[in-house]
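Trainee: coords below, sequence missing:
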């Protein structure tokens, strides 16, 4: 296989690591030295071979370990995966979208053989070889959305489109930045975004919704979002805050580089053809600050972004108390030199 | 946020006259590949190279959404229209290369519905053709009430009735048959969604009756594509691209913008989706708003126009485009 999958954990002993190759392809989210919200959407087209933008659904060295982590989280809390009854067709849309894309883009890892409605799906990294009938739920071990998202990195929200709004009516959410599917299920676009500061006043959501409602088949879109996470925790859910929230107190000037992680979400949006729903995959990439600053441009820029971030945003993103320590540590990697435009390493 | 829709190169596989006014067209991919699937109620925008001008007309997809071998549309000839349907009827032939857009759905089924109650008038039957195929495959509960002028002009009525004898009800104008709407709407089970597609008057009648009977707004769906109205020619200044363009009598403002080589967003080209909404920088004259996207306040504000269907009469109009 072309990818060596890591044997690593995202909890407990936290053995998660990025290889030097994974560091180089990390989706650093800041095109300039400061950050403010924007509807920073662009077409999700294949771009920069080797980057996370090359494939429709990026598969990387963390794939197998992330899928194990998902199974672990689901075993503890099955409500991380929910699909309202009218969303089953959208689940099949997602099965088709992911299987077709992965089989085409990673032929050495995945195969899809279709004989009418009879489909055979081979997932080599996870050792799966299943034959099922498309659109017949009884032929799969789980519902269609759960089946395929147990085999695909990233969280998934499936949004039903009606009444000129989007409704979070299905999802698989185990790698989230402190939001809850069980809380948001059935909410519309404005309701589930209600906690976000500043953006409402800026009119960001009205514009974003209008754009999303018009996303078309064959024309997916993407954007990056980010936050900070202590330890390489994929599951930073409100449900488990009692387990990970306290870890934020463990940060010291000495362990910042090792413990603090930049968490970047590659968010994509696809119109699902049969159901007319939208799927919103939220793929989480983690990098410890120690690794991040090995790219000098990123070290300089990240220091400036975190230092100058408005208080409301640092609070919302959950690192306001630790900000002084993070800025102090990052300042060692900022010599004040100018940075080049764009997100890529020089 | 690029303009327009993703395109597919197609070949006309069949041109089939259905009756005196309606002809069906079948498109297959020119590269031999499969067409995208779609959801019932979706339309495609067909590009027509008519002499020196490009026409872009939306038509509901009527084929089975699960059928990847091709798309079918049915076009009603409109002798008094701007020429798109006449082009389809007189110029398009089997084997011809054309370009269509990926499917876009502004009239989708609400999949929460316990029952789908459909009301069609005339050529408004086309989106229901695809929805009925989709629902049949899903074992969905639907009922169609279809008003036609005469049996001879009852597009696909025989086929629908033969396939779904208990679900399909046909009403012939020339026999004095009419949909007893109040009675129909009164007797529906909880969780029914109502869909209407047909002439403007029919849509207004169904929506008004449903509202009066207390139907929730979210349970009433309609599809109304407006053909861009013809009107007096007018001049427009496009501020961003620094161009002055002339909109012809039978041309829409959007078409004139495109003809000038300016990339403008659109989806439905029928005043419904809101994608082409354009800011007005200045004007001296009168807007002829024909869309049903802008609110009445926006229409009277003089700050917005939907160039796909709306026009202008007066001295100057400056747009932020």
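Mentor: Sure thing, it's come through. Predicted, not measured: the structure shown is a model, and the values here were computed from it.
Trainee: what pLDDT does residue B:296 get?
Mentor: Listed pLDDT for residue B:296 reads 88.
Trainee: same check, this time on residue B:271
Mentor: Model confidence at residue B:271, given as pLDDT, is 80.
Trainee: for it, pull up the helix or strand it's in.
Mentor: In this assignment (DSSP states H and E), residue B:271 forms part of neither any helix nor any strand.
Trainee: now do the contacts for the nearest residue to it once chain neighbours are set aside.
Mentor: Distances taken as C-beta to C-beta, 6 or more residues apart in numbering or on different chains place residue B:291 nearest to residue B:271, at 3.3 Å, with adjacent residues excluded. Just so you know, the C-beta spots here come from the backbone N, C-alpha and C atoms, and that holds for glycine as well. When contacts are counted by C-beta atoms under 8 Å, 6 or more residues apart in numbering or on different chains, residue B:291 touches B:226, B:271-272, B:306, B:308-310.
Trainee: now list the buried members of these.
Mentor: Those of these that meet the buried threshold are B:226, B:271-272, B:306, B:308-310, by 16 or more other C-beta atoms under 10 Å in any protein chain shown.
Trainee: check the residues you listed and tell me the two furthest apart.
Mentor: B:272 and B:310 (12.5 Å; C-beta to C-beta).
Trainee: ok, and what's touching stretch A:71-87?
Mentor: Residues outside stretch A:71-87 that contact it (C-beta under 8 Å, 6+ apart): A:11, A:91, A:143, A:145-146, A:149-150, A:158, A:160, A:169-174, A:181-182, A:185-186, A:235, A:237, A:239, A:275, A:277, B:110-112.
Trainee: kindly report the same for stretch A:103-122.
Mentor: With contacts defined as C-beta under 8 Å, 6+ apart, stretch A:103-122 is touched by A:1-3, A:55-57, A:59, A:99-100, A:102, A:123-125, A:128-136.
Trainee: swap the cut-off to 7 Å and go again
Mentor: Contacts to stretch A:103-122, defined as C-beta atoms under 7 Å, 6 or more residues apart in numbering or on different chains, come from residues A:1-2, A:55-56, A:59, A:99-100, A:102, A:123-125, A:128-135.
Trainee: about what we covered before: ok, of the buried ones among the contacts of residue B:291, which one's closest to chain A?
Mentor: Closest approach to chain A among the buried ones among the contacts of residue B:291 (C-beta to the nearest C-beta): residue B:272, at 11.0 Å.
Trainee: what is the neighbour count of the residue nearest to residue B:86 when sequence neighbours are not counted?
Mentor: Excluding its sequence neighbours, the residue lying closest to residue B:86 (C-beta to C-beta, 6+ apart) is residue B:77, at 6.6 Å. Around residue B:77 there are 15 other residues, counting by other C-beta atoms under 10 Å in any protein chain shown.
Trainee: quick check: residue B:77 touching residue B:90?
Mentor: No - applying C-beta atoms under 7 Å, one finds residue B:77 not in contact with residue B:90, separated by 8.9 Å.
Trainee: ok, back up a step: okay, the contacts of residue B:291 in CSV with secondary structure next?
Mentor: Supplementary listing: the contacts of residue B:291 in CSV, determined by DSSP: H, G, I helix; E, B strand; the rest coil:
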residue, secondary structure
B:226, coil
B:271, coil
B:272, coil
B:306, coil
B:308, coil
B:309, coil
B:310, coil
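Trainee: looking at pLDDT only, which of those scores worst?
Mentor: The member of the contacts of residue B:291 with the lowest pLDDT is residue B:226, at 68.
Trainee: distance of the spatially closest residue to residue B:122 that is not a sequence neighbour relative to residue B:108?
Mentor: Distance criterion C-beta to C-beta, 6+ apart; nearest residue to residue B:122, sequence neighbours excluded, is residue B:198 at 5.9 Å. Noted for residue B:198: a distance of 18 Å to residue B:108, by C-beta to C-beta, to the nearest Å.
Trainee: identify the residues contacting the helix or strand harbouring residue B:86?
Mentor: Residue B:86 belongs to helix B:84-90 when assigned by DSSP H and E. With contacts defined as C-beta under 7 Å, 6+ apart, helix B:84-90 is touched by B:23, B:25, B:48, B:50, B:55, B:57, B:75-78.
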